[in-house]
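>>> Pasting the sequence and the predicted coordinates here, then a few questions.
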Amino acid sequence: MFSSSSSQVSLSTTPKVLAIGLSSSPYIVAYSWGTSGFRGTYSNPATLPTGTGNGVAFSPDSSAIAVAHSTTPFITAYPWTSSGFGTKYSDPATLPTGAGNGVAFSRDGANLAVAHTTTPFVSVYPWSGSGFGTKYSNPASLPAGLGFDVVFNADSSAIAVAQQTTPFISAYPWSGSGFGTKYANPATLPSSQAIGIDFSPDGSALAVSVNSTPFVTAYPWSGSGFGTKYANPATLPTGQGNGVAFSPNSGAIAVAHATTPFVSAYPWSGSGFGTKYSNPATLPTGTGLSVAFSPDGLNIAVGHGTTPFISTYPWSGSSFGTKYANPTSLPNSQASASAWGTVGNVPNSQFVAVAHNTSPFITAYPWSNALGFGTKYTNPATLPANTGTGVVFSPDGSAIAVANQTTSPYIQAYPWSGSGFGTKYSNPATLPAYGANGVAFSPDGSAIAITSNIAAYPWSGSGFGTKYSDPASLPAGLGNGVAFSPNGSSVAVAYATSPYIAAYPWSGSGFGTKYSNPATLPTGQGIGVAFSPNSLTIAITSASTPYIEAYAWSGSGFGTKYSNPATLPTGQGNSVAFSPDGASIAIAHTTSPYITAYPWSGSAFGTKYADPSTLPAGTGLGVAFNFDGTAVALAHNTSPFVAAYPFSASGFGTKYTNPATLPTGVGNGVAFGQITS
């Protein structure tokens, strides 16, 4: 129930990450943050904090993150980069003496302070790129009791501690030598134990959240210390104040508290509290435990005691905006602390979808590299017309399309967001002539193609455009798989009759003149097709041995067929995918082990990776890598109908747990998506 220090203004004020201290393992979770809210979840640190994360803070330049926690060593710190947590810094030589409750970096980044439960109640360390320095001497006059929170002022010339025992707040000058002589107590003390504390960024005020009415107390602040207490707000918070924070421009103050509405915010000026802002339209769901404004002042986060444990809102400077969607992977326990950082580069939230042969024909889940499948999204209001044979997300993650083979309109598409399926787009004005087994978006998201035997449409935020003219030379049989080259210059179709593969130049005008067939044709019915990420290879799966074949690819079309892999897939190849870095290739096929993967050198198959230790339950029909290549998913014909594995340069990792709600039938296709805007 402890707040972090306030959000800290760094050289860049654009938030990239929101970190949350948790009451249960892993005790800290960090989310990438973008203009639309939560994006992906960073991997947990390799060495976790040892207990409840009561306080969390980023250094001013976001090069480090520190967690105050309930068990020894009581403070844990990590380097922070765009990739997330680095290797834990060594513990300080002299540990805090008790449970860490609050943590703060000085605003110049030169010091790190911890408020804790046991005398001396506050510990401060020099901080550098090497981590903790030698602990500063304790203040001559200690805080009077358990330290709940700690904060430095804007120019790092003062430090203040919120504490359990009267006078409930202690403040000291701060310099390179450490603590100075304690400032005189304020003339009017807080009413009870102070739990959260913050200096205004302009240095003119100091506020504490307290556990009895008025629940928040504020004072003018100067080089002389406390001024005369400001009048209480006209409309008080409704319960125990657990966290307090000023906005970066010092124009607002917010309090997280124990009873509904769980957060209260006020204008702030030299006169003190203004008239309380309206409550957010969607309230936090339980006791407010922490509050923080983003460094750019455009968002506010409230950590609370009930799922989803974190609620975030746009902040306009005059009110709460509409609550952001929850993160796709929720924190697993109460959010005791929250802090924003300005460094990050995790992809936006990821999703995984399975096309299958039983209603609702499409099933989608949030995806986390750390946790795997999340809770199934609600089915679309208008279901696909029949068996889902192929599925794809648009490149920017704003749409999802499902192909079906048996029932008109054969292709259906929906807007997609972090909340799941939107209202179905109108069907294309000119429908495909036949059922479709495969579907693909062009790399720039301006076109969508389906195997019917081939048809393509412009695509925009409004949905399907007017159907492109068919290619002059159509594929000779039913199309099974379709793919655009990643450079957007070509489109290829795998199909049922010789020559089993057709490829065309692609432009904003649609199909160009069909490329010549490869000199060495695939050996049987073409089923799946994929281009390598650099557009220099095209791979085809087929119904006949060797089941997978690969060709050089260029602006002239097919080049020489590459040698077959030394160890072939064991049965009909149904789908193929390259990893995003082009270093691996995976095939879904009909007989055990149902999925086979190889290193790919750009010109040859490497030695087959070991099969996964837990095999899929049946015939592999669709395969896809996620966006950073750290996971691979397989759609298959036997319950649970989808399987996913971590993936690395060593091959398959331990299978992810099946989703809690399974697809309802044979999985025919699988796709990962991510929102990139």
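Okay, I see it. Remember, predicted model here, so these are calculated numbers, not experimental data.
>>> C-alpha only now, for contacts and for neighbours.
Will do.
>>> Can you pull out the low-pLDDT segments for the chain?
1-12, 328, 346-349, 676-677 (pLDDT under 70).
>>> what sits against the most far-flung residue of the chain relative to its centre?
Most distant residue from the mean C-alpha position of the chain: Ala187, 47.1 Å away (C-alpha atoms, centre = their mean). For Ala187, the contact set (C-alpha atoms under 8 Å, 6 or more residues apart in numbering) comprises 228-229.
>>> List the buried residues for stretch 327-337?
327-329, 331-337 (16 or more other C-alpha atoms under 10 Å).
>>> May I see those organised as a markdown table, with secondary structure and distance to Thr661 added?
Formatted as a markdown table, the buried residues of stretch 327-337 follow (DSSP: H, G, I helix; E, B strand; the rest coil; distance: C-alpha to C-alpha, whole Å):
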| residue | secondary structure | distance to Thr661 |
| --- | --- | --- |
| Pro327 | coil | 19 |
| Thr328 | coil | 16 |
| Ser329 | coil | 16 |
| Pro331 | coil | 20 |
| Asn332 | coil | 19 |
| Ser333 | coil | 22 |
| Gln334 | coil | 25 |
| Ala335 | strand | 27 |
| Ser336 | strand | 30 |
| Ala337 | strand | 32 |
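>>> Show me which of the residues you listed is closest to Leu478.
Within the buried residues of stretch 327-337, distances to Leu478 taken as C-alpha to C-alpha reach their minimum at Thr328, with 38.3 Å.
>>> Which residues does stretch 195-207 contact?
Counting by C-alpha under 8 Å, 6+ apart, 2-6, 148-155, 160-164, 208-211, 216-222, 241-250, 270 sit against stretch 195-207.
>>> any idea which helix or strand carries Tyr31?
Assigned by DSSP states H and E, Tyr31 falls within strand 28-34.
>>> next one: Pro475
Per DSSP H and E, there is no helix or strand for Pro475.
>>> What's the local residue count around it?
25 (other C-alpha atoms under 10 Å).
>>> Please name the residues that touch it.
Per C-alpha under 8 Å, 6+ apart, neighbours of Pro475: 453-454, 493, 495, 501-502.
>>> Just the buried ones among those residues, please.
Among these, the ones that count as buried (16+ other C-alpha under 10 Å) are 453-454, 493, 495, 501-502.
>>> Tell me the one of the buried residues of stretch 327-337 nearest Ser462?
Nearest member of these to Ser462, counting by C-alpha to C-alpha, is Thr328, at 25.8 Å.
>>> closest to Gly420 among the buried residues of stretch 327-337?
Nearest to Gly420 among those, with distances taken as C-alpha to C-alpha, is Thr328, at 10.3 Å.
>>> roughly how far apart are Gly203 and Val161?
16 Å (C-alpha to C-alpha, to the nearest Å).
>>> Oops, could you answer that again for Ala337 instead?
From Ala337 to Val161 the distance is 16 Å (C-alpha to C-alpha).
>>> who's in contact with Val642?
354, 616, 633-636, 658, 662-663, 667.
>>> ok, what's across the strand from it?
Ala635 (DSSP bridges).
>>> for Ile538, same thing?
Beta-bridge partners of Ile538, as defined by DSSP bridges: Phe531, Tyr551.
>>> Hmm, it is touching Pro522, no?
No - if you go by C-alpha atoms under 8 Å, Ile538 and Pro522 don't touch, sitting 11.8 Å apart.
>>> Tell me where the stretch 501-650 of the chain has strands.
Along the stretch 501-650 of the chain, counting by DSSP state E, counting those that start in this stretch, strands occupy 501-507, 510-511, 526-531, 537-542, 548-554, 557-561, 573-578, 584-589, 595-599, 620-625, 631-636, 642-648.
>>> so can I have TSV of these showing distance to Phe320?
Compiled in TSV, those are given as follows (distance: least, C-alpha to C-alpha, whole Å):
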stretch	distance to Phe320
strand 501-507	45
strand 510-511	46
strand 526-531	46
strand 537-542	51
strand 548-554	53
strand 557-561	55
strand 573-578	44
strand 584-589	47
strand 595-599	49
strand 620-625	39
strand 631-636	38
strand 642-648	39
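>>> Out of those, the one nearest Gly40 is which?
Among these, strand 631-636 sits nearest to Gly40 (C-alpha to C-alpha), with 14.5 Å.
>>> and the closest one, what other elements does it pack with?
strand 620-625, strand 642-648, strand 667-674 (3 or more C-alpha pairs under 8 Å, 6 or more residues apart in numbering; DSSP states H and E).
>>> could you turn that strand into PDB, dropping everything but the C-alphas?
In PDB, the C-alpha atoms belonging to strand 631-636 read as follows (Å, rounded to 0.1, in the frame of the first residue of the first chain):
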ATOM      1  CA  ALA A 631       7.900 -18.100 -30.400                       C
ATOM      2  CA  VAL A 632       6.400 -20.400 -33.000                       C
ATOM      3  CA  ALA A 633       2.800 -21.600 -33.100                       C
ATOM      4  CA  LEU A 634       1.200 -24.500 -34.900                       C
ATOM      5  CA  ALA A 635      -2.500 -25.000 -35.800                       C
ATOM      6  CA  HIS A 636      -3.300 -28.700 -35.800                       C
END
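>>> Just the buried positions in that strand, please.
631-636.
>>> And the strands in the stretch 101-250 of the chain, which stretches?
Under DSSP E, counting those that start in this stretch, the stretch 101-250 of the chain gives strands at 111-116, 122-128, 131-132, 147-152, 158-163, 169-175, 178-179, 194-199, 205-210, 216-222, 225-226, 241-246.
>>> The fifth one pairs with which strands?
The one in question is strand 158-163. When DSSP bridges is applied, strand 158-163 pairs with strand 147-152 (antiparallel), strand 169-175 (antiparallel).
>>> With that, I have no additional questions.
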